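>>> Give me the fold of what follows.
(one chain, ligands or ions: 1)
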Amino acid sequence: MITWIGTKELACAERPSVLSRILPDGTGNSCGSRVGGGRIVLGVNWLHQRYCVSEKWREEMVGQTLPWVLEDVELDGPVLEIGPGPGLVTEALVRLGVADLTTLEIEPEAAEGLRRRYGTQVRVEVGDAAAMPFSNASFGTVLCCTMLHHVPTREAQDRVLTESRRVLWPDGVLAGSDSRTSLGFRMFHVFDVHNPVDPQNFPERLTAAGFSDVSVDPVEDRFRFRAVAL
Ligand SMILES: C[S@@+](CC[C@H](N)C(=O)[O-])C[C@H]1O[C@@H](n2cnc3c(N)ncnc32)[C@H](O)[C@@H]1O
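As a prediction, this is how the structure comes out:
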């Protein structure tokens with residue numbers, strides 16, 4: 001099981017560097033949300049950490065956005081999930097029966113939480129999606145949910161796209177979603193990376209990264225994207 005380490009638990013356990021920067025008093029007056037057993041920490045601000053494991057996010061991400069993102073996407077080959085964080089999407093993919101699942105997460109503590117939870121069921125890697133530690137044409141699907149806006153520069157985001165294309169086999173699919181920015185979204189990212197992707201010019205960026213059959217569908221507060229590796 002996965003446990004989200006909140007400030008209270010962190011006070012009595014080892015305190016990861018990211019959170020000790022964020023929690024000035026280090027005492028942990030609040031508690032984290034539990035989504036299972038094990039431990040997860042994100043390189044994102046405290047509000048974010050709590051939200052990413054909340055029931056509200058589960059309902060939004062797993063209940064609404066993920067089915068929309070995966071509409072008509074076949075998950076029968078090896079699947080790579082980039083930026084899994086605490087693993088709500090990972091959990092959903094396992095439940096969907098994805099048998100060959102790899103995750104790539106830049107935060108070692110978050111990856112460690114997934115490793116504890118899944119053992120050998122999911123191949124959990126620590127690394128940067130802008131420089132992936134995988135061979136060319138290794139995956140049938142790359143899934144990228146709520147991750148790109150955490151990548152600090154447009155250049156690095158574009159490298160995430162070209163790397164996704166590189167590790168996909170021909171006709172493999174990159175699918176994902178991200179949030180559209182707003183005042184509330186900006187406030188939510190105080191002390192956090194906030195580099196939102198503009199859905200308007202995202203098709204050109206996907207095409208420039210070597211994808212075809214690109215589609216980007218914006219709705220109110222989010223967008224989904226889909227692109228096929230050439
Ligand atoms: C907001 S969480 C999203 C978690 C999950 N995908 C979801 O939608 O609920 C974004 C995650 O992306 C990870 N991340 C950010 N930049 C990354 C990079 N360059 N490579 C891999 N993971 C990255 C962060 O550490 C964080 O765990």
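>>> D171: which element?
Using DSSP states H and E, the element containing D171 is strand 168-179.
>>> what residues does that strand touch?
Contact with strand 168-179 is made by 65-66, 68-70, 73-74, 77, 137-149, 161, 164-165, 185, 196-197, 206, 211, 221-230, as judged by CB atoms under 8 Å, 6 or more residues apart in numbering. Any C-beta I mention is one placed from the backbone N, CA and C, and that applies to glycine too.
>>> if we go to 6 Å?
65, 69, 73, 137, 139-145, 148-149, 164, 185, 197, 222, 224-229 (CB atoms under 6 Å, 6 or more residues apart in numbering).
>>> Narrow those residues to those in strands?
139-145, 222, 224-229 (DSSP state E).
>>> Spatially central residue in the chain, please.
By CA atoms, centre = their mean, the chain has its centre lying nearest to G83, at 3.0 Å.
>>> returning to that earlier point: so which of the ones in strands among the contacts of strand 168-179 is the most crowded?
When neighbours are taken as other CB atoms under 10 Å, the top entry among the ones in strands among the contacts of strand 168-179 is V142 (31 neighbours).
>>> the domain parsing of this protein - what is it?
Structural domains annotated on the chain: 7-51, 59-229, as defined by automatic domain parsing.
>>> For those domains, give me JSON lines that also has mean pLDDT and distance to the ligand.
Listed next are the domains of the chain as JSON lines, based on pLDDT from 0 to 100; distance: least, CB to the nearest ligand atom, whole Å:
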{"stretch": "domain 7-51", "mean pLDDT": "37", "distance to the ligand": "5"}
{"stretch": "domain 59-229", "mean pLDDT": "95", "distance to the ligand": "3"}
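>>> And the strand holding D171, what's buried?
Within strand 168-179, the residues scored as buried using 16 or more other CB atoms under 10 Å are 168, 172-179.
>>> related to what we said a few turns ago, looks like the residue nearest to the centre of the chain contacts M147 (just checking).
Yes: in this structure G83 lies within contact range of M147 using CB atoms under 6 Å: 2.9 Å.
>>> quick one, strands of this structure?
Assigned by DSSP E, the strands in the chain fall at 79-82, 101-105, 123-126, 139-145, 168-179, 211-218, 222-229.
>>> can you list those strands in a markdown table and add distance to E155?
Putting those into a markdown table (distance: least, CB to CB, whole Å) gives the following:
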| stretch | distance to E155 |
| --- | --- |
| strand 79-82 | 17 |
| strand 101-105 | 19 |
| strand 123-126 | 22 |
| strand 139-145 | 17 |
| strand 168-179 | 17 |
| strand 211-218 | 18 |
| strand 222-229 | 19 |
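>>> where's P199 relative to I106, distance?
Using CB to CB, to the nearest Å, P199 is found at 23 Å from I106.
>>> make that L96, sorry
Counting by CB to CB - L96 and I106 are separated by 24 Å.
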